[in-house]
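Trainee: pasting a predicted model and its sequence here:
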Amino acid sequence: MISVIIPAYNAGKYIAQAIESVLNQTYKGEIEIIVIDDGSTDNTHEVVRHYPLVKYHYQKNQRAAVARNNGMALATGDLITFLDADDWYTPDKIEKQCRILDSNPDIDVVYNELSIYNESTGEQSEHSGANHQNKREDFLAHMLFRQMIPCQAAMMIRRKCYESGCRYPTDVE
């Protein structure tokens, strides 16, 4: 099973599109969607309740990192991925990432490029963490000096990452 964690704060305007992008994946396996409402005061809950398969959890406002960590604690999938409430996935995102992780048991994290759409200007730009390394040592060094994963929505991790103590830092944001 794949767990998709969606932290949301006053996301009523966008969250339906985010949820629909998960529901419309080409991946044929089981997908668990967990919305962590981070103290919204808008209609986020009313929008989410129209999706009976979505697990909804409310918390007092503690910021997105706490919401992501709480989502990982609730997740039951072997693989965990993240989607901010104002973002959406391309239809094959989960399928492609699962295929890579299934065929490479020694890899624990994958990520993809992304497109950013500016709602006010209508402009779209491509963002990539790409800088492919052939040796693990080069990859680690590159990770230490440059943020390679463009955003949380681009990433999928194995559950064992969470179980081994990987968390979002809650003292910064």
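Mentor: Noted; the coordinates are in hand. What you are looking at is a predicted structure, and each value in this text was computed from that prediction instead of being measured. Residues are numbered from 1 along each chain as shown.
Trainee: for residue 161, what are its contacts?
Mentor: Counting by C-beta atoms under 8 Å, 6 or more residues apart in numbering, residue 161 touches 80, 108, 109. Where you see a C-beta, it was placed from the backbone N, CA and C, and this is true even at glycine.
Trainee: from what I see, the second one and residue 158 are in contact.
Mentor: Yes - when contacts are counted by C-beta atoms under 8 Å, residue 108 is listed as touching residue 158 (4.6 Å).
Trainee: higher neighbour count, the two?
Mentor: Set residue 108 next to residue 158 and count neighbours by other C-beta atoms under 10 Å: residue 158 wins out with 19 against 16.
Trainee: shaky segments in this structure?
Mentor: 112-154, 172-173 (pLDDT under 70).
Trainee: repeat the analysis, applying 90 as the threshold.
Mentor: Where the chain drops to pLDDT under 90, the residues are 65, 87-88, 107, 109-155, 157, 161-173.
Trainee: so which residues of it form strands?
Mentor: Under the criterion DSSP state E, the chain contains strands at 2-8, 31-38, 55-59, 79-82, 109-111, 114-117, 124-127, 155-158.
Trainee: now the ones you listed as JSON lines including distance to residue 19?
Mentor: Listed next are the strands of the chain as JSON lines, based on distance: least, C-beta to C-beta, whole Å:
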{"stretch": "strand 2-8", "distance to residue 19": "7"}
{"stretch": "strand 31-38", "distance to residue 19": "6"}
{"stretch": "strand 55-59", "distance to residue 19": "11"}
{"stretch": "strand 79-82", "distance to residue 19": "14"}
{"stretch": "strand 109-111", "distance to residue 19": "21"}
{"stretch": "strand 114-117", "distance to residue 19": "18"}
{"stretch": "strand 124-127", "distance to residue 19": "22"}
{"stretch": "strand 155-158", "distance to residue 19": "18"}
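Trainee: can you tell me which of those is most buried?
Mentor: strand 2-8 (a mean of 27; mean count of other C-beta atoms under 10 Å).
Trainee: parallel or antiparallel, list what pairs with it.
Mentor: Using DSSP bridges, the strands paired with strand 2-8 are strand 31-38 (parallel), strand 79-82 (parallel).
Trainee: that strand vs strand 55-59, what angle?
Mentor: Angle of strand 2-8 versus strand 55-59, following axes from the mean of the first three to the mean of the last three C-alpha atoms, to 10 degrees, is 40 degrees.
Trainee: which other residues reach strand 2-8?
Mentor: Residues contacting strand 2-8 (C-beta under 8 Å, 6+ apart): 15, 18-19, 22, 27, 29-38, 40, 44, 48, 64, 67-68, 71-72, 75-85, 94, 98, 156.
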